[in-house]
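Engineer: return a 3D structure for these sequence lines:
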Amino acid sequence: MNMLAQLPASLWNDETAAHLLNRARFGATPAEIESARKKGLVPMVRELVDVRADAGNVPPPAWAKPRNIRAARMALKAAKERGENFRETARQFRMMEGDEILDLRRWWLERMMNSPAPLLEKMTLFWHGHFATSVQKVKDGYWMWLQNDTLRRNALGNFATLVKAISRDPAMMIYLDLQQNREARPNENWARELMELFTVGIGNYTEDDIRAAARAFTGYRIDMTTQQFRFARMEQDLGTKKFMGHTGPLNGDNVIDILVRQPACSRFIGRKLWRFFVEDEPSQEIVDAIASRIRAHNFEMRPVLREIFSSAEFYSDRAMGTQIKSPVQYIVQTSKLLETQLASPIVVQNAMRQMGQILFAPPNVKGWDGGKAWITTSTLLFRYNFANYLISGDAMLPAGQAARAKPQDAGFRRSVQRRQLAAQIKRDPIDVSKFVPDQLRDKPRQLVDLLSGRFFRTRLAEKETNTFVQFLESRKPDTSDATMRELVHLMMSTPQFQLA
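Structural biologist: Take a look at the predicted model:
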């Protein structure tokens, strides 16, 4: 049986169209869903997957340019040796780095929200979780942007090409110590994670394979002046290596090619793709089916995704409306559905931290677990509060003591920062007239049906519908914007809204 048989045209409707746009994009408005339904399954999938070749040419933030890190750090060292205010200079340097990564998070979220190629951004997010790299160790916003750009340019392309590009990525090289890998003293961090987390998975390699791979990747360096990869040929181990049944003077690219040819690699990548786009616990049959298609397409991601998004399995009852939204998906999709702008960068950064997924800072090299791990008592409560903030503008100020300190004290500085933060998070309530028609405000059931179509995309059980209807009836004759906002928040504070 072909487990990836195409969905029959008769089953393409508003609900299946919404499912596609929720998973392959960051959600959609009712108008976008209706447009997708009218286009049809095959044209809509083609529009998502077959983006223009230049779609990955995304202008970087203005500050994202190479700078001589070594010179900057030497200047800090020299200032310290001269007895200058080294701490203040270092603090300003750290603040600059913090401002850059804050802006980088804003830049990427706006791409997710407004990009004409949303699947490209969704796949970039997938690869960011797969090749997890954290700014906490890398400590350079430009390198984090550079990696993001590399992921985007290769997101829908060939997997082997992407792995080779990542092996030369300065942020990854710093994160997994590849630039410290020397012939006389091989560093195995990159080699181990390349196999365990990036290609074939645990149980499909040996310790000898790790040692051989580490030797193969010697000579990989970073030019600290240009902030780019360079290959130090004189530092490469040219000796014979035995790796997964292959013997010779293997280099890093040879190792990657060998790994990608392993049957375990297509299964490993296939499982992760299915978990990200379809369901948390794929059967072995579906993993084997996806792996077969990956091999058939020589690890080209575009045709594989085209088959996944067109398949009846993708639209099965196991998949539709069962995936817990990641924090990033939640933030972007909620903003889209409310037809409002993203919150300020500092608010969004805090929201990502509170909900458990902060861009450019995964918890470890394994990335985010996803699935049910997204929801705890505290993260769920924060989701409800964040939705209320977007809807009503109610501030979510961090807890802190009153400002009673002197200007030179840390307490005073914190109080100033709080006032600055309060100014940044001030937000107007949403304009509910964008999606709440005046003629339905005094028709509770019709209004609830309309809004349920926007926020849930599946027909609610009668019990849930009645809860919203009863809320509106209890407020009669009040049909003000404030009441409408309360209704929207009530809808977003449900288990159903956490699912995509």
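Engineer: show me where the stretch 251-400 of the chain dips below the pLDDT cut-off.
Structural biologist: 395-400 (pLDDT under 70).
Engineer: what's the weakest-modelled helix or strand in this structure?
Structural biologist: helix 410-425 (a mean of 55; mean pLDDT, DSSP states H and E).
Engineer: quick check: buried residues in the helix or strand just after that one?
Structural biologist: Next in sequence after helix 410-425, counting helices and strands by DSSP states H and E, comes helix 444-455. Using 16 or more other CB atoms under 10 Å as the test for burial, helix 444-455 gives Pro444, Leu447, Val448, Asp449, Leu451, Ser452, Gly453, Arg454, Phe455. Placement of C-beta: from N, CA and C, glycine included.
Engineer: ok, those residues vs Thr322, which is closest?
Structural biologist: Phe455 (16.6 Å; CB to CB).
Engineer: domains of this protein?
Structural biologist: Following automatic domain parsing, one gets these domains for the chain: 178-251, 263-315, 327-425, 432-498.
Engineer: which residues are contacting the helix or strand containing Leu120?
Structural biologist: Here Leu120 sits within helix 118-130, counting by DSSP H and E. Taking contacts as CB atoms under 8 Å, 6 or more residues apart in numbering, the residues outside helix 118-130 that touch it are 24-26, 48-49, 51, 55-56, 108, 111-112, 115, 148, 151-152, 154-156, 162, 197-198, 272-273, 276, 301, 305, 328, 359-360, 362, 367-368, 370.
Engineer: report the buried members of the residues you listed.
Structural biologist: Buried by 16+ other CB under 10 Å: 24-26, 48-49, 51, 55-56, 108, 111-112, 115, 148, 151-152, 154-156, 162, 197-198, 272-273, 276, 301, 305, 328, 359-360, 362, 367-368, 370, out of the contacts of helix 118-130.
Engineer: between the two ends of stretch 198-206, how far is it?
Structural biologist: 15 Å (CA to CA, to the nearest Å).
Engineer: distance from the chain centre to that stretch, please.
Structural biologist: Averaging C-alpha positions (CA atoms, centre = their mean, to the nearest Å) puts stretch 198-206 24 Å from its chain's average.
Engineer: how about that stretch: buried residues?
Structural biologist: Buried residues in stretch 198-206 (16+ other CB under 10 Å): Phe198, Thr199, Val200, Gly201, Asn204, Tyr205.
Engineer: from Phe268, how far out is the fifth one?
Structural biologist: Read that as Asn204. From Asn204 across to Phe268, the span is 8 Å (CB to CB, to the nearest Å).
Engineer: one more: the last one?
Structural biologist: Going from Tyr205 to Phe268 by CB to CB gives 11 Å.
Engineer: how about the fourth one?
Structural biologist: Using CB to CB, one obtains 5 Å as the distance from Gly201 to Phe268.
Engineer: contact partners for Met173?
Structural biologist: Gln179, Trp190, Tyr220, Ile222, Phe229.
Engineer: neighbour count added to those residues, as a markdown table?
Structural biologist: Shown next, in a markdown table, are the contacts of Met173 (neighbours: other CB atoms under 10 Å):
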| residue | neighbour count |
| --- | --- |
| Gln179 | 19 |
| Trp190 | 26 |
| Tyr220 | 22 |
| Ile222 | 20 |
| Phe229 | 18 |
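Engineer: check contacts around Ala312.
Structural biologist: So Ala312 contacts Ala5, Gln6, Leu7, Pro8, Leu11 (CB under 8 Å, 6+ apart).
Engineer: in the stretch 401-500 of the chain, where is pLDDT below threshold?
Structural biologist: Looking at the stretch 401-500 of the chain by pLDDT under 70, you get 401-424.
Engineer: give me the distance from the host helix or strand of Ala36 to the chain's centre.
Structural biologist: If you go by DSSP H and E, Ala36 is part of helix 30-39. Distance, stretch centre to chain centre, for helix 30-39: 25 Å (CA atoms, centre = their mean).
Engineer: the chain: strands as residue ranges?
Structural biologist: 220-223, 228-231, 241-243, 246-248 (DSSP state E).
Engineer: possible to save the ones you listed as a markdown table with mean pLDDT and distance to Ser474?
Structural biologist: What follows is these, written out as a markdown table (pLDDT from 0 to 100; distance: least, CB to CB, whole Å):
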| stretch | mean pLDDT | distance to Ser474 |
| --- | --- | --- |
| strand 220-223 | 95 | 63 |
| strand 228-231 | 95 | 63 |
| strand 241-243 | 98 | 70 |
| strand 246-248 | 98 | 72 |
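Engineer: export those strands to CSV and tack on distance to Met123?
Structural biologist: Output for the strands of the chain, formatted as CSV (distance: least, CB to CB, whole Å):
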stretch, distance to Met123
strand 220-223, 26
strand 228-231, 23
strand 241-243, 29
strand 246-248, 31
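Engineer: closest to Arg353 out of those?
Structural biologist: Comparing these by CB to CB, strand 220-223 comes nearest, at 28.8 Å.
Engineer: which residues touch the closest residue to Glu285 other than its chain neighbours?
Structural biologist: Residue nearest to Glu285 in three dimensions, not counting chain neighbours: Met3, with 6.2 Å by CB to CB, 6 or more residues apart in numbering. Neighbouring residues of Met3 by CB under 8 Å, 6+ apart: Glu285, Ile286, Ala289, Ser311, Glu313.
Engineer: mind running it again at 7 Å?
Structural biologist: If a contact means CB atoms under 7 Å, 6 or more residues apart in numbering, then Met3 has Glu285, Ile286, Ala289, Glu313 as its contacts.
Engineer: hmm, Ser283 and the last one touching each other?
Structural biologist: This means Glu313. No. Using CB atoms under 7 Å, Glu313 makes no contact with Ser283, being 9.8 Å away.
Engineer: of these two, which one has the most company?
Structural biologist: Higher neighbour count among Glu313 and Ser283: Glu313, with 23 against 13, using other CB atoms under 10 Å.
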